[in-house]
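Engineer: Attaching a predicted model along with its sequence, questions to come.
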Amino acid sequence: MSGTSQAVNLAEKLAQFSERWAPRTVATYNGHDVMVVKVDGEFTWHSHPDSDDFFLVLKGELDIELRDRVVRLRPGEMFVVPKGVEHRPAARTGEVEILLIEPTGAPNTGDPATAARRIVI
């Protein structure tokens, strides 16, 4: 998949799956995957040594926990975790839908051994 040949409806893509913490690639952009994901609860503490981590909340409320503070994101808000910074996304008030942009092939946990496999929809 390289780019898209038509508009991508994110709500329709999100309706295709129910798994949590399992990103789905909906497009590619300059060597990056554009993904949607549903989350609930806490993810693991991790970092990405070679790339920043982009989060845009579509629905719900997401905390990005950093070791020295918490950044709370609401729908329409985004945050970029700088490369190498340890963080943990957490959805404590129910399911959250997020758009992520990551380099193609980058492990979502920062570690290929524990990363979710990439699924294209």
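Structural biologist: Nice, thanks for sending it over.
Engineer: How about the contacts made by the residue most central in space within the chain?
Structural biologist: In the chain, the residue lying closest to the centroid (C-alpha atoms, centre = their mean) is L100, at 3.7 Å. Neighbour list for L100: 23, 33-37, 53-56 [criterion: C-beta atoms under 8 Å, 6 or more residues apart in numbering]. For the C-beta atoms, the positions are set from N, CA and C on the backbone; glycine is no exception.
Engineer: what sits opposite it in the beta ladder?
Structural biologist: M35, F55 (DSSP bridges).
Engineer: okay if I get the contacts of L100 as a markdown table plus pLDDT?
Structural biologist: Shown next, in a markdown table, are those (pLDDT from 0 to 100):
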| residue | pLDDT |
| --- | --- |
| P23 | 94 |
| D33 | 93 |
| V34 | 95 |
| M35 | 95 |
| V36 | 97 |
| V37 | 96 |
| D53 | 91 |
| F54 | 95 |
| F55 | 97 |
| L56 | 98 |
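Engineer: do you know how far the residue nearest to the centre of the chain is from V85?
Structural biologist: 16 Å (C-beta to C-beta, to the nearest Å).
Engineer: Check the gap between the closest residue to H87 other than its chain neighbours and V8 for me.
Structural biologist: Using C-beta to C-beta, 6 or more residues apart in numbering and skipping residues adjacent in sequence, the residue nearest H87 is V81, 4.8 Å away. V81 is 24 Å from V8, where distance means C-beta to C-beta.
Engineer: quick revisit: so the residue nearest to H87 is in contact with I101, correct?
Structural biologist: No. Between V81 and I101 there is no contact under C-beta atoms under 8 Å: 12.0 Å.
Engineer: elements contacting the lowest-mean-pLDDT helix or strand in the chain?
Structural biologist: Within the chain, no helix or strand scores below strand 119-120, which has a mean of 77 by mean pLDDT, DSSP states H and E. On a contact count with 3 or more C-beta pairs under 8 Å, 6 or more residues apart in numbering; DSSP states H and E, strand 119-120 meets strand 24-29.
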